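In: Pasting the sequence and the predicted model now:
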Amino acid sequence: MTSETRLFVEPEDLLGVEFTCGHCGARLLYSLPKQPMRIVQTCPNCNEAFYGPDRMQDFQQFFALLTAMPKLTQGSKLKLRLQVNVSALDDKR
(Lines give C-alpha, C1' and ligand atoms only; values in the text may rest on other atoms or scores of the structure.)
Protein backbone atom coordinates (compact mmCIF):
# COMPACT_ATOMS: atom_id res chain seq x y z
CA MET A 1 0.00 0.00 0.00
CA THR A 2 1.23 3.50 -0.84
CA SER A 3 0.51 6.59 1.20
CA GLU A 4 0.63 10.12 -0.16
CA THR A 5 0.35 13.39 1.70
CA ARG A 6 -0.66 16.45 -0.28
CA LEU A 7 -0.86 19.98 1.01
CA PHE A 8 -2.72 22.73 -0.81
CA VAL A 9 -2.79 26.39 0.19
CA GLU A 10 -5.45 28.84 -0.90
CA PRO A 11 -4.31 32.38 -1.79
CA GLU A 12 -6.21 33.75 1.20
CA ASP A 13 -4.06 31.53 3.46
CA LEU A 14 -0.82 33.22 2.43
CA LEU A 15 0.27 35.44 5.30
CA GLY A 16 3.60 36.75 4.13
CA VAL A 17 6.87 36.42 2.27
CA GLU A 18 10.07 36.07 4.24
CA PHE A 19 13.48 37.17 2.98
CA THR A 20 16.41 35.51 4.78
CA CYS A 21 19.91 36.91 4.36
CA GLY A 22 22.32 34.23 3.16
CA HIS A 23 25.16 36.12 4.81
CA CYS A 24 24.02 36.88 8.38
CA GLY A 25 20.71 34.99 8.64
CA ALA A 26 18.59 38.07 9.39
CA ARG A 27 14.96 37.72 8.36
CA LEU A 28 12.58 40.27 6.93
CA LEU A 29 8.85 39.54 6.64
CA TYR A 30 6.53 41.20 4.16
CA SER A 31 2.93 40.74 5.30
CA LEU A 32 0.27 39.84 2.77
CA PRO A 33 -2.24 40.58 1.28
CA LYS A 34 -0.98 44.17 1.20
CA GLN A 35 1.61 44.82 -1.50
CA PRO A 36 4.79 46.28 0.02
CA MET A 37 5.48 49.94 -0.73
CA ARG A 38 9.22 49.33 -0.73
CA ILE A 39 11.09 46.07 -1.34
CA VAL A 40 14.59 46.19 0.04
CA GLN A 41 17.53 45.10 -2.10
CA THR A 42 20.01 44.76 0.74
CA CYS A 43 19.91 43.18 4.18
CA PRO A 44 18.89 45.75 6.79
CA ASN A 45 21.28 44.08 9.26
CA CYS A 46 24.57 43.56 7.37
CA ASN A 47 23.95 45.48 4.10
CA GLU A 48 24.68 42.38 1.99
CA ALA A 49 22.84 42.51 -1.37
CA PHE A 50 19.80 40.23 -1.51
CA TYR A 51 19.73 40.43 -5.31
CA GLY A 52 21.00 42.64 -8.13
CA PRO A 53 19.28 45.84 -9.27
CA ASP A 54 18.08 44.09 -12.43
CA ARG A 55 15.79 41.87 -10.29
CA MET A 56 13.76 44.66 -8.62
CA GLN A 57 11.06 44.59 -11.30
CA ASP A 58 10.80 40.80 -10.95
CA PHE A 59 10.15 41.13 -7.21
CA GLN A 60 7.63 43.92 -7.76
CA GLN A 61 5.74 41.69 -10.22
CA PHE A 62 6.00 38.74 -7.81
CA PHE A 63 4.39 40.73 -4.98
CA ALA A 64 1.77 42.16 -7.36
CA LEU A 65 0.78 38.63 -8.37
CA LEU A 66 0.65 37.39 -4.78
CA THR A 67 -1.55 40.27 -3.66
CA ALA A 68 -3.85 39.91 -6.71
CA MET A 69 -4.30 36.12 -6.41
CA PRO A 70 -7.33 36.23 -4.08
CA LYS A 71 -9.12 38.53 -6.55
CA LEU A 72 -8.54 36.21 -9.52
CA THR A 73 -11.43 33.94 -8.63
CA GLN A 74 -13.90 36.45 -7.17
CA GLY A 75 -17.27 36.08 -8.82
CA SER A 76 -16.42 32.72 -10.36
CA LYS A 77 -16.86 29.09 -9.41
CA LEU A 78 -13.13 28.42 -9.74
CA LYS A 79 -11.20 27.49 -6.60
CA LEU A 80 -7.49 28.26 -6.86
CA ARG A 81 -5.01 26.42 -4.63
CA LEU A 82 -1.22 26.12 -4.60
CA GLN A 83 0.32 22.73 -3.93
CA VAL A 84 3.20 22.65 -1.43
CA ASN A 85 5.95 20.04 -1.49
CA VAL A 86 5.35 18.30 1.85
CA SER A 87 8.61 16.31 1.71
CA ALA A 88 10.52 19.59 1.45
CA LEU A 89 8.82 20.73 4.66
CA ASP A 90 9.89 17.53 6.40
CA ASP A 91 13.49 18.04 5.23
CA LYS A 92 13.62 21.49 6.84
CA ARG A 93 12.54 20.29 10.30
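Out: Thanks, I have it.

In: Strands of this structure, start to end?
Out: With DSSP state E as the criterion, the chain has strands at 7-9, 16-20, 27-31, 82-84.

In: just so I know, which of those lies nearest K71?
Out: Ranking the strands of the chain by their distance to K71 (criterion: CB to CB) puts strand 82-84 first, at 15.4 Å. Bear in mind the C-beta positions are built from the backbone N, C-alpha and C, glycine included.

In: Partner strands of the closest one, with direction?
Out: strand 7-9 (antiparallel) (DSSP bridges).

In: what about the partner strand, average pLDDT?
Out: For strand 7-9, mean pLDDT rounds to 92.

In: For that strand, buried residues please.
Out: By neighbour count with 16 or more other CB atoms under 10 Å, strand 7-9 contains no buried residues.

In: and the gap between T42 and F50?
Out: 6 Å (CB to CB, to the nearest Å).

In: who's more crowded, the two?
Out: F50 (18 against 12; other CB atoms under 10 Å).

In: if I pick that one, what's in contact with it?
Out: 19, 21, 40-43 (CB atoms under 8 Å, 6 or more residues apart in numbering).

In: What of Q83?
Out: Neighbours of Q83 in contact, by CB under 8 Å, 6+ apart: 6-9.
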